[in-house]
Structures are given as structure tokens and as C-alpha cells.
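Q: Here is my input; please provide its structure:
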Amino acid sequence: MTQLAPIRAERRSCPKCRDCGATMRLFGIEPHPTIDRAELLTYVCSHCDGAQTEIVVPAKLKPMDSLLANKAFDAETTRVLGSAFDAAWERAEASNILPTEKGQVASMRESLAKFIIAAIEQGEREPNRLIEKALLRLGIILRRESE
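A: Got it, this is the predicted structure:
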């Protein structure tokens with residue numbers, strides 16, 4: 001396991017060992033292998049060498065799965081959705097209009113995804129129109145925030 005330095009200076013209380021009850025110490029923090037922007041914290045017990053992990057997801061961040069809950073798209077629509085999002089995000093990044101703070105960037109990505117999903121739900125399937133509609137709505141939000 002790669003040991004990474006914490007990004008934020010947040011003080012966490014270490015858990016108690018499930019095996020012996022001693023206070024554990026933080027051994028390492030790494031990106032979660034399957035949950036985007038989540039961290040996997042590993043604790044070890046100095047007393048019995050037990051190990052425990054904890055998943056930490058930023059409070060403001062909702063998994064993308066929640067955007068797609070109770071929605072079903074066929075394979076072609078899913079492909080169009082994904083490629084439209086990727087292309088729209090590339091154009092948004094190239095425009096240099098996005099905020100620089102990570103939390104705001106994550107929020108913009110989520111908004112862009114919501115716009116594309118909404119357009120798909122309204123029957124739009126043409127990738128270029130999906131991209132243009134989503135970028136237009138994202139631009140409106142960015143203008144409102146900068147005022």
C-alpha cells in the first residue's frame with residue numbers, strides 16, 4: 001500500500017480496535033479504488049497488530065449513482081450519454097471558465113451530468129445538441145455565480 005500524506009489538516013479521532021479495544025493509529029490514506037473522490041483510511045493497532053479501514057466521502061459529494069437512481073437507459077443511450085459528457089467536460093475545461101476550487105469543480109461536473117441526463121430524458125439523442133445544451137446551461141450557472 002502506498003502511504004500518502006493527508007491533503008487537509010483535519011483532526012480525526014482514531015477508532016478503537018475491534019479485537020483488543022486499544023486506540024488505533026492512522027497508517028495510510030489512499031484514493032478509494034472504486035469510489036471517485038473518496039479516500040480509504042487504514043488504521044493499525046499497536047497492541048495486537050489488527051487492521052481496519054474506513055471509507056471517507058466528502059460530505060457535499062453525492063455518488064453519481066444517485067443521479068441515475070431509478071433510471072434505465074439502453075446501451076446506445078448510455079454510450080451517447082457518456083461520450084457527450086466527456087466531450088462537454090473537455091470543452092468546459094478548455095474554456096478556462098471553470099472555478100479552481102476542487103469542490104466547485106466537482107459540483108460543476110455533477111451539474112453538467114445532470115443537464116445531459118435531463119436532455120436525454122426529454123428525448124434528445126444527438127450528441128452535438130446534448131453537448132451544446134449542457135454547456136449553455138453550465139455557462140448560465142457560471143455567469144450567475146460570478147455576478
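Q: drop to CA atoms for contacts and neighbour counts, all remaining ones
A: Will do.
Q: Specify the local secondary structure of the residue of the chain positioned farthest from its centre.
A: Ranked by distance from the centre of the chain (CA atoms, centre = their mean), the top residue is residue 47, with 35.9 Å. Assigned by DSSP: H, G, I helix; E, B strand; the rest coil, the conformation of residue 47 is coil.
Q: That one - nearest residue in space that isn't next to it in sequence?
A: Once flanking residues are discounted, residue 47 sits nearest to residue 22: 6.7 Å by CA to CA, 6 or more residues apart in numbering.
Q: my guess is residue 37 contacts residue 57, does it?
A: Yes - counting by CA atoms under 8 Å, residue 57 is a contact partner of residue 37 at 7.0 Å.
Q: Just want the phi and psi numbers for residue 28.
A: Dihedral pair for residue 28: phi -170, psi 160, per degrees, to the nearest 10.
Q: Can you name the secondary structure element that comes next after the helix-or-strand element of the chain with minimal mean pLDDT?
A: Ranked by mean pLDDT, DSSP states H and E, the weakest helix or strand in the chain is helix 64-67, scoring a mean of 55. Past helix 64-67, further along toward the C-terminus, the next helix or strand under DSSP states H and E is helix 75-94.
Q: Quick one: list the elements packing against that following helix.
A: When contacts are defined as 3 or more CA pairs under 8 Å, 6 or more residues apart in numbering; DSSP states H and E, helix 75-94 sits against helix 102-121, helix 127-146.
Q: Quick check: which ranges of the chain have low pLDDT?
A: Applying pLDDT under 70 to the chain picks out residues 1-12, 36, 58-71, 140-147.
Q: what about 50?
A: Where the chain drops to pLDDT under 50, the residues are 1-11, 61-63.
Q: I'd guessed residue 57 sits against residue 39; true?
A: Yes - the criterion here is CA under 8 Å, and residue 57 meets it with residue 39 at 6.6 Å.
Q: and these two? which has more neighbours close in?
A: Counted by other CA atoms under 10 Å, residue 57 and residue 39 do not tie: residue 39 has more neighbours, with 19 against 16.
Q: Now the phi/psi pair for that one, please.
A: Residue torsions, per degrees, to the nearest 10, at residue 39 are phi -110, psi 150.
Q: Look at residue 41 and tell me its secondary structure.
A: Classification of residue 41 using three-state DSSP returns strand.
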